[in-house]
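J.: Kindly return the folded structure for what I paste below:
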Amino acid sequence: MRPLRYSINVTLDGCCHHEAGLPPDDESMRYWTAQLERADALLFGRVTYEMMESAWRRPASGARPDWMVEWQIPFAETIDEAAKYVVSSRTSGFDWNAERLPGDDLGQAIQRLKQEPGDGLWVGGVTLPLALADLGLIDEYEFVVQPVLAGHGPRVLDGLRDRVRLELVGRHEFNSGAIALRYRPASVPQG
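T.: Numbering: from 1, shown residues only. Okay, the predicted model is just below:
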């Protein structure tokens, strides 16, 4: 069974708005590229899919946007080429190497994907990961903690139905002061 990994940037006070942390640099982009390369497919809700597509989809002309610098290109190529699943009630408009997953039976759809052979699935965003965490489907949580206090904004996994106990399985420190912390759900002792 391939694992489902959730990764997100988060500030020290829990804000997960994509602009609240430090701006990306070459080290963080190399890290995120490596994380995406570990996945057979990416999972997004519609809003995150559209946000990522608008930033990272290679234009039909083949020319990269003016804002993109050299060290962002490997990430752009990796996410552009990745297989994607989009959880949405909308039935069309997902043509960026994407297949729609209806959200009416999310648990079963994700279980089927996890049972396929491969290295793993990766999910990003805010709303979809909350639903997946509530269903107990996330096998690994990764929080890239930014050395920033935002003081506002959406908070990671805000509204989680039940507490999820985690155990640390890895960490990576960045020159910027950010720290990537990887956790897996802790085993519940049998008694």
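
J.: following the helix or strand where Glu27 lies, which helix or strand comes up?
T.: Secondary structure assignment for Glu27, by DSSP states H and E: helix 26-37. Sequence order places strand 41-45 as the next helix or strand after helix 26-37, per DSSP H and E.

J.: what lines up beside that following strand in the sheet?
T.: According to DSSP bridges, strand 41-45 has the following sheet partners: strand 83-87 (parallel), strand 121-123 (parallel).

J.: Highest mean neighbour count across those strands, which stretch is it?
T.: Comparing these by mean neighbour count (mean count of other Cβ atoms under 10 Å), strand 121-123 comes out on top with a mean of 25. (C-beta placed from N, C-alpha, C; glycine too.)

J.: after that strand, next one along is what?
T.: Past strand 121-123, the next helix or strand by DSSP H and E is helix 127-134.

J.: how much does that next one deviate in direction from strand 41-45?
T.: For helix 127-134 against strand 41-45, the angle by axes from the mean of the first three to the mean of the last three Cα atoms, to 10 degrees is 100 degrees.

J.: Buried residues, helix 127-134. List them.
T.: 128-134 (16 or more other Cβ atoms under 10 Å).

J.: Just send the residues you listed back as a markdown table, with distance to Glu77 and pLDDT too.
T.: As requested, the buried residues of helix 127-134 are exported to a markdown table (distance: Cβ to Cβ, whole Å; pLDDT from 0 to 100):
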| residue | distance to Glu77 | pLDDT |
| --- | --- | --- |
| Leu128 | 24 | 94 |
| Pro129 | 25 | 96 |
| Leu130 | 29 | 96 |
| Ala131 | 30 | 95 |
| Leu132 | 27 | 96 |
| Ala133 | 30 | 96 |
| Asp134 | 34 | 95 |
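
J.: Identify, from these, the entry nearest to Ile8.
T.: Ranked by distance to Ile8 (Cβ to Cβ), those are led by Pro129 at 7.3 Å.

J.: Now do the same contact list for that closest one.
T.: Pro129 is in contact with 6, 8, 123, 138, 157, counting by Cβ atoms under 8 Å, 6 or more residues apart in numbering.

J.: In JSON lines, list those residues along with pLDDT and distance to Val69.
T.: JSON lines is the format used below for these (pLDDT from 0 to 100; distance: Cβ to Cβ, whole Å):
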{"residue": "Tyr6", "pLDDT": "97", "distance to Val69": "28"}
{"residue": "Ile8", "pLDDT": "95", "distance to Val69": "23"}
{"residue": "Val123", "pLDDT": "97", "distance to Val69": "27"}
{"residue": "Ile138", "pLDDT": "97", "distance to Val69": "32"}
{"residue": "Leu157", "pLDDT": "95", "distance to Val69": "32"}
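
J.: Just give me the closest of those residues to Thr91.
T.: Val123 (21.1 Å).

J.: Please report how far Glu173 lies from Glu27.
T.: Glu173 is 10 Å from Glu27, where distance means Cβ to Cβ, to the nearest Å.
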